[in-house]
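A.B. asks: Pasting the sequence and the predicted coordinates here, then a few questions.
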Amino acid sequence: MESKRITVFAGHYGSGKTNIAVNYALRLREEFDKVSIADLDIVNPYFRTKDSEKHLEARGIHLISSEYANSNVDVPALPAEAYSIIDDLSVRAVVDVGGDDRGALALGRYAPSIIEQNDYEYLLVINKFRPLTPDCASTIGVMREIETACRMKFTGIVNNSNLGDETTAEDVISSIGYAEEISKASSLPIRMTTVKEDLFDTLKDKVVNCTPIKLYVKQSWAKVTAD
């Protein structure tokens, strides 16, 4: 996928957007000197991009997050530094948005400036195996709620249908029809179908835009659990 200066990931709780955001930032760092990742999750302060802070810092990626992230203080506050993703045109920025429409409200304050610059991707992360987005209709419903909350339209889809460490090649292949149906209903292209690194060689010739990712954010999956 050709990168834009700002890439925003949003989706339903448990879609895996945080892990994708971390992977994408690390991939950008291979091409660009200055990469930042902004954690705008003010809904769930206990499962955040900050969990991967050591991985990011080791690669020279600047993490922007609330000072209350990963603390026992639940304060819906965003750092003023988050505006640097818009103001500093020399930076490739990745934005991890909180789940659903509540989380997307935080993006709303930045949306007008991002849209005005017109150098962005706003990607909907979908996961067939999550309990509230198992089909096209439910997923489109979540997508519309997020767009309304942040006043910003998605530009593409990331099919991240997986079961964590338990994911098989068959699971990924079974999700292709689901992703294609959502793509058709929304008129949005599928920018990536993400797969665990150990499945990439098996799937790269079978899945369009197949993209390997590491599971930096470990989860406990029992077919359906929270992100």
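C.D. replies: Noted; the coordinates are in hand.

A.B. asks: which residues of the chain fall in helices?
C.D. replies: Along the chain, counting by DSSP state H, helices occupy 17-29, 53-58, 84-87, 100-108, 111-117, 136-150, 169-174, 176-186, 197-203.

A.B. asks: Going by neighbour count, which residues of the helix or strand bottoming out on mean pLDDT in the chain are buried?
C.D. replies: Taking mean pLDDT, DSSP states H and E as the measure, the chain has helix 53-58 as its least confident helix or strand, at a mean of 83. Buried residues in helix 53-58, defined by neighbour count with 16 or more other CB atoms under 10 Å: 53, 55-56. Where you see a C-beta, it was placed from the backbone N, CA and C, and this is true even at glycine.

A.B. asks: Can you name every helix or strand that it contacts?
C.D. replies: In terms of contacts (3 or more CB pairs under 8 Å, 6 or more residues apart in numbering; DSSP states H and E), helix 53-58 is packed against helix 17-29, strand 62-64.

A.B. asks: which one of the ones you listed lies closest to Ile140?
C.D. replies: The minimum distance between Ile140 and the helices and strands packed on helix 53-58 falls on helix 17-29, with 17.1 Å, by CB to CB.

A.B. asks: could the helices and strands packed on helix 53-58 go into CSV alongside distance to Val95 and mean pLDDT?
C.D. replies: Shown next, in CSV, are those (distance: least, CB to CB, whole Å; pLDDT from 0 to 100):
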stretch, distance to Val95, mean pLDDT
helix 17-29, 7, 94
strand 62-64, 9, 91
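
A.B. asks: of all those, which lies closest to Lys206?
C.D. replies: From the helices and strands packed on helix 53-58, taking CB to CB, the stretch that ends up closest is helix 17-29, at 20.3 Å.

A.B. asks: quick one, that closest one and helix 100-108 angle?
C.D. replies: Following axes from the mean of the first three to the mean of the last three CA atoms, to 10 degrees, one obtains 40 degrees for the angle between helix 17-29 and helix 100-108.

A.B. asks: which other helices and strands contact helix 17-29?
C.D. replies: strand 6-11, strand 35-40, helix 53-58, strand 92-97, strand 210-213.

A.B. asks: Identify all contacting residues around that helix.
C.D. replies: 3, 7, 9-11, 35-37, 41, 47-49, 51-52, 55-56, 59-61, 92, 94-97, 99, 125, 158, 160, 194, 213-217, 227 (CB atoms under 8 Å, 6 or more residues apart in numbering).
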